[in-house]
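A.B. asks: coords below, sequence missing:
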């Protein structure tokens with residue numbers, strides 16, 4: 001695999017080690033088999049509300065294609081270019097409240113307005129409801145006059161997997177591709193067959209393969225786990241747009257990212273992967289306290305800006 005090395009210290013920062021220790025204790029106390037989804041949603045959204053939005057970014061609620069959503073608009077952002085950001089949360093959690101902080105910083109650093117939709121969540125609305133939501137939303141954006149070459153799609157974790165699945169659905173529907181895809185720790189194999197499920201088992205501070213199996217069961221049936229729209233590592237990726245991926249070297253989902261990158265490369269799709277040493281799942285969310293997270297968000301934003309703000313997507 002031709003992986004771009006992230007420019008980070010050989011050992012993680014003191015701040016990163018503290019965050020890792022605290023959050024690993026929290027996750028060790030969770031049991032995916034018995035967790036109450038409604039309570040987990042409330043806690044995640046309540047925590048997100050406590051973290052301030054990036055300075056200079058306006059929040060504008062909107063309803064589009066029948067979905068509640070938010071525009072996060074940095075000062076000076078162009079009106080005709082946007083990032084469609086799909087939040088993570090294992091397809092069962094998350095929304096505007098949980099991700100406003102992270103996405104607002106990505107938007108400010110990239111100089112690009114972001115649209116964050118409240119797509120359908122499982123288990124109430126399992127596969128393929130979320131994909132259908134994103135396809136309809138993308139069509140609505142095109143109908144409003146946004147050009148596909150001025151749109152990028154981005155997402156973290158399940159939102160990263162949903163980004164790729166939605167691109168496959170858009171391609172198959174004959175719709176024009178966005179200018180690029182930007183994925184943070186994407187969850188791309190709900191069957192948990194990647195080799196880092198084992199090789200990173202003792203290094204991942206948050207997740208285990210057993211967790212993946214439980215959570216995947218909320219989203220789809222067992223016989224759907226390797227459906228390409230559920231697990232895009234099994235998809236024909238011909239025709240997808242240029243893709244940039246960030247992933248932690250210590251997460252069990254590492255091989256989800258690297259396998260997708262290998263498939264994209266074999267299909268002739270430009271792809272770049274930054275693997276961050278000693279980092280875990282969506283570590284970028286801790287950008288207020290960790291230099292590694294700030295570095296990663298800055299790198300992500302530069303790549304987005306180069307693709308769609310400065311005209312590489314034209």
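C.D. replies: Ah, there it is. The model shown is predicted, which means the values in this text are computed figures rather than measured ones.
A.B. asks: can you give me the helices in the stretch 101-250 of the chain?
C.D. replies: Here the stretch 101-250 of the chain has its helices, by DSSP state H, counting those that start in this stretch, at 129-143, 158-172, 196-199, 209-219.
A.B. asks: from these, which stretch is densest packed?
C.D. replies: Of the helices of the stretch 101-250 of the chain, the one with the most neighbours on average (mean count of other CB atoms under 10 Å) is helix 158-172, at a mean of 25. In this view, the C-beta of every residue, glycine as well, is placed from N, C-alpha and C.
A.B. asks: what separates that helix from the chain centre, distance-wise?
C.D. replies: On the basis of CA atoms, centre = their mean, to the nearest Å, helix 158-172 sits 11 Å off its chain's mean C-alpha point.
A.B. asks: on contacts alone, who are the packing partners of that helix?
C.D. replies: Applying 3 or more CB pairs under 8 Å, 6 or more residues apart in numbering; DSSP states H and E, we find helix 158-172 packed against strand 82-86, helix 129-143, strand 151-156, strand 180-184.
A.B. asks: And the third one, how far out from the chain middle?
C.D. replies: Spelled out, that is strand 151-156. The answer for strand 151-156 is 7 Å, by CA atoms, centre = their mean.
A.B. asks: Now do it, average pLDDT.
C.D. replies: Taken as a whole, strand 151-156 has an average pLDDT of 98.
A.B. asks: ok, now the longest one?
C.D. replies: Within the predicted structure, the mean pLDDT of helix 129-143 is 98.
A.B. asks: before we move on, the earlier item: turn the helices and strands packed on helix 158-172 into CSV, including distance to residue 277.
C.D. replies: Listed next are those as CSV, based on distance: least, CB to CB, whole Å:
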stretch, distance to residue 277
strand 82-86, 26
helix 129-143, 32
strand 151-156, 19
strand 180-184, 16
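A.B. asks: Wasn't residue 73 part of a helix?
C.D. replies: No - using DSSP: H, G, I helix; E, B strand; the rest coil, the assignment for residue 73 is strand, not a helix.
A.B. asks: what sits against it?
C.D. replies: Listed by CB atoms under 8 Å, 6 or more residues apart in numbering, the contact set of residue 73 reads 57, 58, 60, 107, 113.
A.B. asks: can you tell me which of the helices of the stretch 101-250 of the chain comes nearest to residue 274?
C.D. replies: In terms of CB to CB, the element of the helices of the stretch 101-250 of the chain nearest to residue 274 is helix 158-172, at 13.7 Å.
A.B. asks: quick one: contacts for the residue most central in space within the chain?
C.D. replies: Using CA atoms, centre = their mean, the residue of the chain that lies closest to the mean C-alpha position is residue 156, 1.6 Å off. Taking CB under 8 Å, 6+ apart, we find residue 156 in contact with 87, 88, 99, 102, 183, 184, 185, 186, 282, 284, 285.
A.B. asks: and it, how far is that from residue 239?
C.D. replies: Residue 156 sits 24 Å away from residue 239, going by CB to CB, to the nearest Å.
A.B. asks: Likewise for residue 74?
C.D. replies: Residue 74 is 31 Å from residue 239, by CB to CB.
A.B. asks: Okay, now the unreliable bits of the stretch 201-314 of the chain?
C.D. replies: Low-confidence segments of the stretch 201-314 of the chain (pLDDT under 70): 310-314.
A.B. asks: 90 - rerun?
C.D. replies: Residue ranges of the stretch 201-314 of the chain with pLDDT under 90: 308-314.
A.B. asks: Next: the stretch 51-200 of the chain.
C.D. replies: For the stretch 51-200 of the chain, no range has pLDDT under 90.
A.B. asks: For residue 252, the count of nearby residues, please.
C.D. replies: A total of 26 residues lie near residue 252 under the criterion other CB atoms under 10 Å.
A.B. asks: got a list of what it touches?
C.D. replies: Residues in contact with residue 252, defined by CB under 8 Å, 6+ apart, are 194, 196, 197, 200, 201, 204, 207, 208, 209, 212.
A.B. asks: cool, residue 32 as well?
C.D. replies: The contact partners of residue 32, by CB under 8 Å, 6+ apart, come to 210, 211, 214, 215.
A.B. asks: Neighbour count for residue 74 and residue 239, which is higher?
C.D. replies: residue 74 (21 against 14).
A.B. asks: what number of residues lie near the nearest residue to that one once chain neighbours are set aside?
C.D. replies: Closest residue to residue 74 apart from its sequence neighbours, by CB to CB, 6 or more residues apart in numbering: residue 108 at 4.5 Å. Residues lying near residue 108 (other CB under 10 Å) number 23.
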